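> Sequence and computational prediction follow.
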Amino acid sequence: MLSKQVLCGLISRGGVCADIEGDSVAEVYLAALRKMHLPDYLSPEVVQAELLEREKILSTAVGNCIAIPHPRRSLITDDAEQRIGVFYLKKPLDMSAPDGRPVSTLFLLLTAKTSFHFETLSSLATLIQQDKFKLLLKNTPNEWQLCDAIYNSPMEHA
């Protein structure tokens, strides 16, 4: 499990943005990536292609109107450039979630190492299962509000 400070640092690096538009997964990903703080060596189009390849294997929608898109392989070369972009969709999108609900929030994950990737997924999974955090996401919180919720969450080892 990541520390709360590390998780908030990832979100700070990736950014938080509301009103992401698009009528398809491809359009939404590209719109989000164009708003995301990306390292200079990565273009939104390259990341989008990798995310869509991953999405072909299995939807990254996890339920409760949330998806955690991430590429199959690492696109980040330096640990200091890892990030989570948080995006709120203007219009919910069907991404074949296990609960059948359309996605309205994306936690777009870009990491450098597989072990850190799994740790980050685990931390996000812990957060998004908490009723208080799920309720907060419905109000499209900004970075400060998200990190405040994370710091005040009952995450173990964080």
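In hand now; what should we look at?
> Where does the residue nearest the centre of the chain sit, in terms of helix or strand?
Nearest to the mean C-alpha position of the chain, by Cα atoms, centre = their mean, lies residue 107 at 1.2 Å. Per DSSP states H and E, residue 107 falls inside strand 103-110.
> List the buried residues for the helix or strand just after that strand?
From strand 103-110 onward toward the C-terminus, using DSSP H and E, the following helix or strand is helix 114-128. Residues 116-117, 119-121, 123-124, 126-128 are the ones in helix 114-128 that count as buried (16 or more other Cβ atoms under 10 Å). Just so you know, the C-beta spots here come from the backbone N, C-alpha and C atoms, and that holds for glycine as well.
> Need those residues in TSV (columns: distance to residue 80 and pLDDT).
Output for the buried residues of helix 114-128, formatted as TSV (distance: Cβ to Cβ, whole Å; pLDDT from 0 to 100):
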residue	distance to residue 80	pLDDT
116	12	95
117	15	94
119	16	95
120	15	95
121	20	94
123	18	94
124	20	95
126	24	93
127	23	94
128	25	94
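> Quick one: residues contacting the residue nearest to the centre of the chain.
Residues counted as contacts of residue 107 (Cβ atoms under 8 Å, 6 or more residues apart in numbering) are 66-69, 84-86, 124, 128.
> ok, which stretches of the chain are strands?
16-20, 61-63, 66-67, 83-93, 103-110 (DSSP state E).
> okay, now the closest residue to the residue nearest to the centre of the chain other than its chain neighbours: neighbour count?
With Cβ to Cβ, 6 or more residues apart in numbering as the criterion, residue 107 has its nearest non-adjacent residue at 4.8 Å, and that residue is residue 68. Using other Cβ atoms under 10 Å, residue 68 is surrounded by 19 other residues.
> Check residue 95 too.
With other Cβ under 10 Å as criterion, residue 95 counts 20.
> Next: the one 3 residues further on.
Here the count is done by other Cβ under 10 Å, and residue 98 has 10 residues near it.
> tell me which residues form a beta bridge with the closest residue to residue 99 other than its chain neighbours?
Sequence neighbours aside, residue 63 is the residue nearest to residue 99 in space, at 4.1 Å (criterion: Cβ to Cβ, 6+ apart). Residue 63 has the following beta-bridge partners by DSSP bridges: residue 66.
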